[in-house]
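have a look at this prediction, sequence included:
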4 protein chains.
Amino acid sequence: MIIIMKTSAAEQERQAVIDKIRELGLECHVSVGVERTIIGVVGDDRHIHKEKLRAMGGVEDVIPVLKPYKIVARDHHPDDTVIDVKGIPVGGRTVQVIAGPCSVETSEQMNTAARMVRESGCRLMRGGAYKPRTSPYSFQGHGERGLELLRESADTQQLPVVTELMDVRTLDKFLELGVEVIQIGTRNMQNFDLLKEVGRINVPVILKRGFASTISEWLMSAEYIAAGGNHNIIFCERGVRTFETAYRNMLDVTAIPFLKKETHLPVIVDPSHAGGKAWLVPALSKAAVAAGADGLLVEMHPTPCDAWCDADQALTPDELKTLMGELGAIARAIGRDI
Amino acid sequence: MIIIMKTSAAEQERQAVIDKIRELGLECHVSVGVERTIIGVVGDDRHIHKEKLRAMGGVEDVIPVLKPYKIVARDHHPDDTVIDVKGIPVGGRTVQVIAGPCSVETSEQMNTAARMVRESGCRLMRGGAYKPRTSPYSFQGHGERGLELLRESADTQQLPVVTELMDVRTLDKFLELGVEVIQIGTRNMQNFDLLKEVGRINVPVILKRGFASTISEWLMSAEYIAAGGNHNIIFCERGVRTFETAYRNMLDVTAIPFLKKETHLPVIVDPSHAGGKAWLVPALSKAAVAAGADGLLVEMHPTPCDAWCDADQALTPDELKTLMGELGAIARAIGRDI
Amino acid sequence: MIIIMKTSAAEQERQAVIDKIRELGLECHVSVGVERTIIGVVGDDRHIHKEKLRAMGGVEDVIPVLKPYKIVARDHHPDDTVIDVKGIPVGGRTVQVIAGPCSVETSEQMNTAARMVRESGCRLMRGGAYKPRTSPYSFQGHGERGLELLRESADTQQLPVVTELMDVRTLDKFLELGVEVIQIGTRNMQNFDLLKEVGRINVPVILKRGFASTISEWLMSAEYIAAGGNHNIIFCERGVRTFETAYRNMLDVTAIPFLKKETHLPVIVDPSHAGGKAWLVPALSKAAVAAGADGLLVEMHPTPCDAWCDADQALTPDELKTLMGELGAIARAIGRDI
Amino acid sequence: MIIIMKTSAAEQERQAVIDKIRELGLECHVSVGVERTIIGVVGDDRHIHKEKLRAMGGVEDVIPVLKPYKIVARDHHPDDTVIDVKGIPVGGRTVQVIAGPCSVETSEQMNTAARMVRESGCRLMRGGAYKPRTSPYSFQGHGERGLELLRESADTQQLPVVTELMDVRTLDKFLELGVEVIQIGTRNMQNFDLLKEVGRINVPVILKRGFASTISEWLMSAEYIAAGGNHNIIFCERGVRTFETAYRNMLDVTAIPFLKKETHLPVIVDPSHAGGKAWLVPALSKAAVAAGADGLLVEMHPTPCDAWCDADQALTPDELKTLMGELGAIARAIGRDI
């Protein structure tokens, strides 16, 4: 931590800051500059409240030097973490594509979808039983019954499932049904009580980025889960909110190499929610794999026009199959497979 | 709802859209333009999935005409709603200032704070027992014990309390202690399960705007609460996230007149979290009141330097008293009082 | 400047950085921390390229401590600067409102507008002869003829004029006609050749904030003008671009107190372009004055419905008169006048 | 154009809007809905001021249906445009990589750079003689002498040059030296006088996206150039400004497929300015090509640590060579070459 004193700071203000730091059990180096004095704090100062120091007389700014995340940081864990989902590795050489419908609708729709997912070459299936919807008047998902339908359909094809948890009170049902990967949605990235709960179990978690969250906040949310003991975390970039209105969100492709440098955990991408349109999914998917993503989370529906939500962003089964072929070529071009 | 067909749309694609709309029990007007055909849907189409229509062949765009919110809209409720909080009106002629520390620390701190709030002329007290913190390693609030300390200190001055609810599982404790106003924080504005729960009770709710949520999404989150039966909702603007890094958030002062036009419910402002610095609070508070805010939510701490969180944004008791005087002058200048 | 070395930085990498700094004629303090080494540079390092140091082996980050702006900074000029525009002070106790139409249309429109500006109590007149329009097919302004019409109409009421300069090649015409205040528009805030040209004359300049520029960049653009010798600079906040689509721009009211702290120069606000709607102008104007703005730049048109551009954001003459009365009350409430 | 009337609009307000439209020589269809009336305008209404209609009594909103750009739109020009730059095609099957240093420094640096560009397999060379710098105290480029050095060094390797034009007054020098591609920088995307000037010549123009400009505004800026007669326009995405501070800009990879759908003109990407760090360039370049970009604009410097600007974002010659190999594999994977 570096403390920058104001040009106008008095001698005793500077001394008060130094005394405060020593009182907290740390040492400091003082550099008296021409215009400003800088106080460098030596030692692990992550537990100190920067705001308290900022509130002291004569202090202009307090700049942290140590990163606030530890367990998820690559600094202390240089090798890539590969997460095992029922024998399917996420985070290694193989790019994993998770596909399925936005929401669980009917048994027939789900069974068809599961078959299509399998046939396209994907190894995991997604489907939403609890749906976070902007409007209280929109379809909110089938809930428990939806979870069961997802389970049954995925089991017909031996596919592990990925589905979203919105409420701590439904976690027991997720565990009972053996959900293989729990998804934390973009609106819950900073629902800290929910993060703490999934931190107490050992089921892999896909942590979507908040739609306007910084990479640093995202890493800290993962740290919440990790601090509870669950280190099976998969980051999922899904586009962020900007000034641009031509598409739903802006896929932050830079987040992929940046995260891969900062953390040892796998990073996947959701091109469907990023672009918000089915016709954008192939280009975004190829960009994500080329940039180093460890996997994708793609919406596919047996008949998109009949989908109960996000009908305009789901791929058809044929489009998914074609995309898998194209992604294979990209993956091989960068020394990976799919 | 208006459906714009692509220049290249075929006759049968247009007919398919018209048939779909009629199948949904609505009528349509078709305008054949030089380059594009436009289909206007007549009737209440709020329940129709725009995405399904967007996914149909030949459709370029679907534009809603009716607003998606109803109960909270001023359209159907032209008069201002005044919410009664234990005899204190929020939303009428008087501007209400809610003050208190960011977090509940000790009994002594809270009792002093309560006295200072009362002496400054404020009529409601705030204080956080459950704290949403970016880092799992930061102080998370005293929880239940904090709620009790807040209750006790506020009672010594007959002040109703405002405090944040983060988890559905603690709502019973809030009700047991008679919390007068429940605050939903910025990170939970789209925690839909939490919104549904506070929609089922009849305690007033302060709904903070998500730090990157549009006004339209905010109104829809209020609609979630209202749809459950609780119409005692107070909107709280607290600054939004932008590209500017000079201050924590950007106070969206335009949201005040805009919301007052769109909804009949009260609108207050949190200048402390918006600016993130105590020295910015007076200017932002005056701007908010001048723009028509019905109240403020201000951080005050007996000794800010010792605060356990957000130490650099709390006013001192003296600063709060001075501010109350200045706000009184502004309020009178626009025909209100404080 | 502070240089933070990577955890993995080698001894010789550290030494190379220290040698480089000494080679540049500056001294440094080295703090060896538990995880990282920090090198503090002592002396005026504004001329050093941070990027060069960032590109050196072992460097994690380079953090500037000194502010990059000097002439416009309050640090070296603690008193407020009051700019004299033909006897009218901008930046002192009196809040100045500059009003007039978006674009110069006809002689009759301008003469009527000038009379209305004068009658409403405003002391300066605005009007656009050169218009920056998003589309090449929109009305681009009357150019030279427009400047002349503005000059003539303002002279009938002895009003100094404010008008926008877009192209260095028209500056001579501005000087010939004695334009009292030259406006640099939002899209030209970083048109550095244009800034250099207005830096060479001594006519007051209103420098609008770029619609997505940080305060720091804005101050640097003012420094461009000041570095040329022209210190008569007035900052004008006009709203910034965010994710919100409910209104054209988001007025950054926090910029007012922030700038007043950073610079000694006057700060005004354009509520018309910020909100983009006439009905929002009164609330935004009152907020700006309450927050400490030294003036306003407001669009008024004799008959808004007939305006050739931005018809929906101009006030009528009556609305302007009413607003001036309300602003007077706010100004007096904070110890100023209008 | 669709005009939505307010719920409260009176009969005569509706009639006034209809009369206005007919007066403008267009026809309309009126749909009387349950809550609102909608007026659809039939005919080419691009020349009508939406704001004037918005300012009329009873009007709630005016929504354009026709796109405001014509010459650059794919609607009227379905085939891809391939721009010929001295025999090198931009926009066809081959992905073109333009490389070179950020700024022209010395003759030796430029000759070495030109050789490295040629050896890496790139076919065009970039270099900045006029530099847009945030600070007036930073190196502003060598100007005319820089242009000449660029010309000389590129000629030694028969490479066409790409360089930035900032000021209309230097255009003659660009033409005299036969600059093959003129670059319009991000801060000048809406410098309309500059756009008009490059619209009058027939030299290819790279139009960089404004750092906070929408795709629609970008297309309109291209339309300014095209409207003058110069249709040789190349779009260059270079990252946009968001709330994220971990990297300089956020590369908007979605803009690539989106633009390719909207316009027939080539689209390239500048990964160097997007990420702002050399180590991010390979991942971003691969993502851009995978998403369908027609080329890249990459910074390379013989010895980055000695660069006079942006030292931390230039690739070394070896890094460029390696990248070219990787990009070749990606290009082939999607059926293109490099």
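Nice, I can see it. Quick caveat: nothing in here was measured; it's all calculated off a predicted structure.

please name the bridge partners of A:P89.
Note on A:P89: beta-bridge partners by DSSP bridges are A:D84.

pretty sure A:E217 is in a helix, no?
Yes. Checked against DSSP: H, G, I helix; E, B strand; the rest coil, A:E217 lies within a helix.

so it sits right up against A:F192, yeah?
No. A:E217 is not in contact with A:F192 according to CB atoms under 8 Å; the separation is 11.5 Å. Any C-beta I mention is one placed from the backbone N, CA and C, and that applies to glycine too.

between those two, which one's more packed in?
A:F192 (24 against 17; other CB atoms under 10 Å in any protein chain shown).

would you confirm that A:S272 contacts A:H301?
No. With contact defined as CB under 8 Å, A:S272 does not count as touching A:H301 (10.4 Å).

got any residues that touch both of the two?
With contacts taken as CB atoms under 8 Å, 6 or more residues apart in numbering or on different chains, the residues that reach both A:S272 and A:H301 are A:102, A:314-315.

the stretch 101-250 of chain A: helices as residue ranges?
In the stretch 101-250 of chain A, the segments counted as helices under DSSP state H, counting those that start in this stretch are A:107-120, A:144-156, A:171-176, A:192-199, A:215-227.

and these as a markdown table, adding distance to chain D and mean pLDDT?
Shown next, in a markdown table, are those (distance: least, CB to the nearest CB, whole Å; pLDDT from 0 to 100):
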| stretch | distance to chain D | mean pLDDT |
| --- | --- | --- |
| helix A:107-120 | 19 | 97 |
| helix A:144-156 | 29 | 97 |
| helix A:171-176 | 31 | 98 |
| helix A:192-199 | 20 | 98 |
| helix A:215-227 | 5 | 97 |
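
could I get the ones you listed as JSON lines with distance to A:L165?
Compiled in JSON lines, the helices of the stretch 101-250 of chain A are given as follows (distance: least, CB to CB, whole Å):
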{"stretch": "helix A:107-120", "distance to A:L165": "19"}
{"stretch": "helix A:144-156", "distance to A:L165": "10"}
{"stretch": "helix A:171-176", "distance to A:L165": "6"}
{"stretch": "helix A:192-199", "distance to A:L165": "7"}
{"stretch": "helix A:215-227", "distance to A:L165": "12"}
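
rewinding a little: of the shared contacts of A:S272 and A:H301, which is the most crowded?
In terms of neighbours by other CB under 10 Å, those top out with A:A314 at 28 neighbours.

count of residues packed around A:R209?
23.

for it, what are its contacts?
Counting by CB under 8 Å, 6+ apart, A:R209 makes contact with A:186, A:189, A:218, A:235-238, A:240, A:252, A:255.

tell me the residues of the stretch 201-338 of chain A that contact chain B?
Residues of the stretch 201-338 of chain A lying close to chain B (CB under 8 Å from any CB of the partner chain) are A:211-212, A:217, A:220, A:223-224, A:227, A:241, A:278, A:304-313.

can you give me the end-to-end distance of stretch A:311-322?
Separation of the first and last residues of stretch A:311-322 by CA to CA, to the nearest Å is 19 Å.

distance from it to the middle of the chain?
How far stretch A:311-322 lies from its chain's middle: 23 Å, per CA atoms, centre = their mean, to the nearest Å.

check stretch A:97-104 too.
Using CA atoms, centre = their mean, the offset of stretch A:97-104 from its chain centre is 17 Å.

adding pLDDT, write the shared contacts of A:S272 and A:H301 out as CSV.
Shown next, in CSV, are the shared contacts of A:S272 and A:H301 (pLDDT from 0 to 100):
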residue, pLDDT
A:C102, 93
A:A314, 94
A:L315, 96
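
with distance to C:L147 as extra columns, can I get the residues you listed in a markdown table?
Shown next, in a markdown table, are the shared contacts of A:S272 and A:H301 (distance: CB to CB, whole Å):
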| residue | distance to C:L147 |
| --- | --- |
| A:C102 | 58 |
| A:A314 | 57 |
| A:L315 | 57 |
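
which one of those residues is nearest to chain B?
Set against chain B, the nearest of these by CB to the nearest CB is A:A314 (8.0 Å).

which residue comes closest to the closest one once chain neighbours are left out?
A:H301 (3.9 Å; CB to CB, 6 or more residues apart in numbering or on different chains).

next one: phi and psi at that neighbour?
Taking degrees, to the nearest 10, you get phi -140, psi 140 for the backbone angles of A:H301.

which residues touch it?
By CB under 8 Å, 6+ apart, A:H301 lies in contact with A:101-102, A:109, A:113, A:307, A:311, A:314-316.

look up how far chain D lies from it.
A:H301 sits 21 Å away from chain D, going by CB to the nearest CB, to the nearest Å.

ok, for the residue of the stretch 51-200 of chain A found nearest chain D, nearest residue in space, not its chain neighbours?
For the stretch 51-200 of chain A, the residue closest to chain D is A:K67, as judged by CB to the nearest CB, at 11.5 Å. Excluding the flanking residues, the one nearest A:K67 by CB to CB, 6+ apart is A:A73, at 6.0 Å.

now the helix or strand hosting A:V17: how far from the chain's centre is it?
Assigned by DSSP states H and E, A:V17 falls within helix A:11-23. Centroid displacement of helix A:11-23 relative to its chain, using CA atoms, centre = their mean, is 40 Å.

state the pLDDT value of A:V34.
The model reports A:V34 with a pLDDT of 69.

if we can go back for a sec, of the contacts of A:R209, which belong to strands?
A:235-237 (DSSP state E).

what does stretch A:22-39 rub up against?
With CB under 8 Å, 6+ apart, stretch A:22-39 has contacts from A:2-7, A:9, A:14, A:17-18, A:21, A:40-43, A:45, A:48, A:60, C:2, C:29, C:31, C:38, C:40, C:42-44, C:65-66.

only whichever of those residues are buried, select them in ChimeraX.
To isolate the buried members of those in ChimeraX, using 16 or more other CB atoms under 10 Å in any protein chain shown:
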select /A:2,3,4,5,6,9,14,17,18,21,40,41,42,43,45,48,60 /C:2,29,31,38,40,42,43,65,66
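
tell me how far the closest residue to chain B within chain A lies from chain C.
With CB to the nearest CB as the measure, A:A212 is the residue of chain A nearest to chain B, at 3.1 Å. Computed with CB to the nearest CB, the distance linking A:A212 and chain C is 7 Å.

alright, that wraps it up for me.
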